[in-house]
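Visitor: just need the structure, nothing else, for what follows:
(2 chains)
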Amino acid sequence: MLSKKPLAKLIAVLVLFAVVLSACAPATPPPTQAPTTAPAAEEPAKPTATTAPTATSAPKPTATTAPTATAKPVSNPPTTAEEVDSITFSKKTLVIYWHNRPQKDQDMLQSMLDEFNKTNPYGITATAEIAGASYNDVYNKINASIQAGVPPSMAVAYQNQAALYRTQDAVIDLTPFIKSKKYGLSEEDLKDYFPTFLASDANPQFKGETLGFPTQRSMEVMYYNADWLKQLGYDAPPTDWKTFEEIACKAAQTSGKAGWAFKHDASNFASQIFSRGGRILAEDGASYAFNSQAGVDTLTFIQSMFANKCAVEVPVSERNGEQNRFAKGDVLFTFGSSSGLPFYQAAVAAGGKFKWDIAMLPNTGKPAVNLYGASVSVFKTTPEQELASWLVIKFLGEKAQTVKWASATGYMPVRQSAKDEVIANFKKDAKWGPVADSYAKLFDWTQYAMVESPVAGYDPVRALIDTDLMSKVVTDPKADVKALLEAAAKKADAILKENAPK
Amino acid sequence: MNNPRAQLPARLDVGRILIYAVLILGALISVIPFLYMLLTSLKTYGSVVVDNFWPWPPFGTEAFQWSNYPLAIETIGMDKNWHIPLFFRYLMNSVIMSGVIVVGTVVTSILAAYTFAYIDIPGKNFFFILVLATLMIPNDLTLVPKVVMVYNFKWYNTYQALTLPFLVSVFGIFLMRQFFMQIPRDLYDAARIDGASHLRYLASVVVPISQPAVMTVALLNFIWSLDNFRWPLLVTRDENMRVLAVGLQQFWVGDGSTQTQLLMAFASMIVVPVLIFYFFTQKNFTEGIAKTGIKG
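Guide: The predicted structure is shown next:
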């Protein structure tokens, strides 16, 4: 047996080793770090060029016929619309829907699902559960449940998270369900959805598979202090970056405050790249494309704004920092999610009490907005349960439900026919009334929507963009932006390759 | 002859002043976040937005917003089954979880530590090193297997999931063992001569002497379990099973997202159980093991 002294030393070394090893343990890769103002702002979806959506009359809720018995075997998951058509419900099916909304939204969601439970002819019972307070929490919980072999039936997920689940063969392609004659969406229904919303869930890493379905969207907008703008001699917000810089710097120089409060993150970077005609991810999804001229111009612009002291950096740790500084009247411009509208309203009403509004970010000739939004993904279980989940998603996307959801949460409805009703509801609402007109503008901008990167492994790339690009140009006026972009793009491509489906 | 140094009180030399300065600075750094939390919890939303550090007299005209506390509780919502504010349900769940974990870790630590300290069994030292070696395993590595076990045992969304995986604390075993080994062997010999069994000796002599160590293990595990967020988030589902940490986060991204003053009120209320527990155990920290009971 060891004598006491060497044993004590050995124990001390082991404990020290354990402490050092625990401290050096790699951190769990952070899930989506979407920018947040007030309610969670979301990550944007895949960029697509779209034409303006044509107005359609409200489609009637899709009629469903009672299922007929059939014994045809169906692959799991179904790969064709015909296979989906052949699915029948032989017993009662329970659908569990994980989300991250607060309790009052949970209550409203469950009341909608209760209506579905009462009216569907298939014996489907749907239950919504709060799986966490953020998309990160839901993501962590889902990963654990996938490992445990008990994922929920469906859950909220950003497109890149859905792609990660797909690499584990844990989520399914919804295309056959959408196209199903019996259970899918009619042509009229499909036209009623905002085209850019639907397109955002087609994943280039998986040959265009639809790994989620939208239930809400928001976008990154520019908040501006209209009173201050007028004092500076401008009647309208800037529509190009040169004028933006001119106004922001004039505001900073004449007041000693900052023209622009900048909480840098990857979504902010993406918004600016889009507005300069660039992309984050190449169209084929095979490589990252933010090291284009648009990327160079974006970083050069940010660098210049900080070098000339026209902008102020808002630390990530400063909760609602850009909103509060704006509300105080300390900054002229901020960029943030459209879902923050009523919170900006409340903050300005409590703070500076000035006239303000939102506008699209400036651009270089072609308008673009960064479209945020997690969708709902269906997990691979059984064909019946997958179909049941799809039917729940389809129900939630119907006009009545999307109106209710958008009116309660402040996100955009997914159907064009819902627009007028949602705006009317906002005008009647105490919280949303003052900003209803600003909210209404969003619908005109959906045609310019672009999305960031719906591929697996985008979360570490977001972190990379923030630490290797944004943080550097904010603090170093002499940083070589081209070199930074090339290096970051190279790292990002390596991450893309590492996370690509095998 | 005037000697400036002689005019200072004898104890206030430069070295002591420096020490006090460092200690005061350290204390301020520790206390300021709590002060910020408390002060913010008493402000109006307007004062929070404009970042008014002191909106109350004599520099301002606002009153202390004590109503933020009941308002925060009201904003959190009501338990639909019990018809009480959810905050109290969260508090109850946290107290139950922490209480069971504290009792469990104290009991298992005492028993295990006593074995390692007093009972000679073959391979004792090897087993002790093995126990300590589990400290090397990062928590993240065992998280998923533990969640899988919870699902398999059908403990999901139950108190068992919140408590049973944490009834043993390796750190507690280590601490208690080290403390037990400091107890003079004479006491053990005397007890054995008097015919006391191990259990009798443990209960009548060792545990009473080891109050400081027991309270340390209890307090550390209480604080840790109360702060624990990720595990309760993963293994609970219903709002009436949430603990304070999860409830706070729910509040943070929900209705309290921009109402920082309400968020701070909620956070301040969470600190209260810890303070109460600390006040009851503080005395034992400062007691040494002077009570050896050996005479002559």
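Visitor: just the buried positions in the longest helix seen in chain B, please.
Guide: Taking DSSP state H as the criterion, chain B has its longest helix at helix B:86-118. By neighbour count on 16 or more other C-beta atoms under 10 Å in any protein chain shown, the buried set for helix B:86-118 is B:86-87, B:89-95, B:97-98, B:100-102, B:104-106, B:108-110, B:112-118. Using the backbone N, CA and C atoms, a C-beta is placed for each residue, glycine as well.
Visitor: leaving out sequence neighbours, find the closest residue to the closest residue to chain B within chain A.
Guide: Closest residue of chain A to chain B, C-beta to the nearest C-beta: A:Pro102 (2.8 Å). In this structure, A:Pro102 finds its nearest non-sequential neighbour in B:Gly254, 2.8 Å apart by C-beta to C-beta, 6 or more residues apart in numbering or on different chains.
Visitor: can you list the domains in the chain?
Guide: Picking chain A for this. A:81-217+A:373-438, A:219-371+A:457-499 (automatic domain parsing).
Visitor: think we crossed wires, I meant chain B
Guide: What automatic domain parsing lists as the domains of chain B is B:4-72, B:81-286.
Visitor: tell me the mean pLDDT over the last one?
Guide: Same thing as domain B:81-286. What domain B:81-286 shows for mean pLDDT is 89.
Visitor: same question for the first one.
Guide: Along domain B:4-72, the predicted confidence averages to a pLDDT of 88.
Visitor: near chain A at all, that domain?
Guide: Yes - Domain B:4-72 is in contact with chain A by C-beta under 8 Å from any C-beta of the partner chain, via B:44-46, B:48-51.
Visitor: burial measure for residue 230, as a count.
Guide: Looking at chain A here, since you left the chain open. 13 (other C-beta atoms under 10 Å in any protein chain shown).
Visitor: please go with chain B instead
Guide: Neighbours of B:Arg230 (other C-beta under 10 Å): 16.
Visitor: OK, contacts around it?
Guide: A:140, B:143 (C-beta atoms under 8 Å, 6 or more residues apart in numbering or on different chains).
Visitor: and the helix or strand encompassing B:Ala27, how far out from the chain middle?
Guide: Taking DSSP states H and E as the criterion, the element that holds B:Ala27 is helix B:14-41. Centre-to-centre, helix B:14-41 and its host chain are 21 Å apart (C-alpha atoms, centre = their mean, to the nearest Å).
Visitor: name the helices or strands packed onto it?
Guide: helix B:260-286 (3 or more C-beta pairs under 8 Å, 6 or more residues apart in numbering or on different chains; DSSP states H and E).
Visitor: what about the helix it packs on, near chain A?
Guide: Yes - applying C-beta under 8 Å from any C-beta, one finds helix B:260-286 touching chain A at B:Thr260.
Visitor: and A:Ala388, what element?
Guide: Judged by DSSP H and E, A:Ala388 forms part of helix A:383-396.
Visitor: contact partners for the residue in chain B that chain A sits nearest to?
Guide: Nearest residue of chain B to chain A: B:Gly254, at 2.8 Å (C-beta to the nearest C-beta). Going by C-beta under 8 Å, 6+ apart, B:Gly254 touches A:101-104, A:133.
Visitor: could you measure from the closest residue to B:Leu91 other than its chain neighbours over to B:Phe222?
Guide: Once flanking residues are discounted, B:Leu91 sits nearest to B:Leu244: 6.2 Å by C-beta to C-beta, 6+ apart. Look at B:Leu244 and B:Phe222: by C-beta to C-beta, to the nearest Å, they are 13 Å apart.
Visitor: these two: which is more packed in?
Guide: Remark: of B:Leu244 and B:Phe222, B:Leu244 carries more neighbours, 27 against 22, as counted by other C-beta under 10 Å.
Visitor: and the more buried one, what does it touch?
Guide: By C-beta under 8 Å, 6+ apart, B:Leu244 lies in contact with B:90-91, B:93-94, B:226, B:270.
Visitor: which residues in the stretch 151-300 of chain A form strands?
Guide: A:154-157, A:202-203, A:209-210, A:213-214, A:218-225, A:258-262 (DSSP state E, counting those that start in this stretch).
Visitor: now tabulate those in a markdown table and tack on mean pLDDT, distance to A:Leu190 and mean neighbour count.
Guide: Compiled in a markdown table, the strands of the stretch 151-300 of chain A are given as follows (pLDDT from 0 to 100; distance: least, C-beta to C-beta, whole Å; neighbours: other C-beta atoms under 10 Å in any protein chain shown):
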| stretch | mean pLDDT | distance to A:Leu190 | mean neighbour count |
| --- | --- | --- | --- |
| strand A:154-157 | 97 | 20 | 28 |
| strand A:202-203 | 92 | 13 | 22 |
| strand A:209-210 | 96 | 12 | 21 |
| strand A:213-214 | 96 | 12 | 26 |
| strand A:218-225 | 96 | 22 | 25 |
| strand A:258-262 | 95 | 39 | 25 |
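Visitor: ok, A:Val376 touching A:Gln159?
Guide: No - the pair A:Val376 / A:Gln159 is not scored as a contact, 11.4 Å apart, by C-beta atoms under 8 Å.
Visitor: more neighbours: which of the two?
Guide: Shown here are A:Val376 and A:Gln159; by other C-beta under 10 Å, A:Gln159 has more neighbours (31 against 25).
Visitor: ok, the closest residue in space to the more buried one that isn't next to it in sequence - contacts?
Guide: Counting by C-beta to C-beta, 6+ apart, A:Gln159 lies nearest to A:Pro454, which is 3.2 Å off, once chain neighbours are set aside. Applying C-beta under 8 Å, 6+ apart to A:Pro454 gives the contacts A:45-46, A:158-160, A:162-163, A:200-201, A:203-205, A:281, A:285.
Visitor: so, low pLDDT: which residues of the stretch 1-150 of chain A?
Guide: The stretch 1-150 of chain A contains residues with pLDDT under 70 at A:1-72.
Visitor: for the spatially most central residue of chain B, what are its contacts?
Guide: Taking C-alpha atoms, centre = their mean as the criterion, B:Ile223 is the residue nearest the geometric centre of chain B, at 1.5 Å. Residues near B:Ile223 by C-beta under 8 Å, 6+ apart: B:Val274.
Visitor: and A:Arg319, what does it touch?
Guide: When contacts are counted by C-beta under 8 Å, 6+ apart, A:Arg319 touches B:Thr260.
Visitor: ok, A:Ala307 next?
Guide: So A:Ala307 contacts A:Pro477 (C-beta under 8 Å, 6+ apart).
Visitor: please enumerate the helices of the stretch 101-250 of chain B.
Guide: Secondary structure of the stretch 101-250 of chain B (DSSP state H, counting those that start in this stretch): helices at B:124-133, B:139-152, B:159-163, B:170-182, B:185-193, B:198-201, B:207-209, B:211-227, B:230-235, B:244-253.
Visitor: good, wrapping up.
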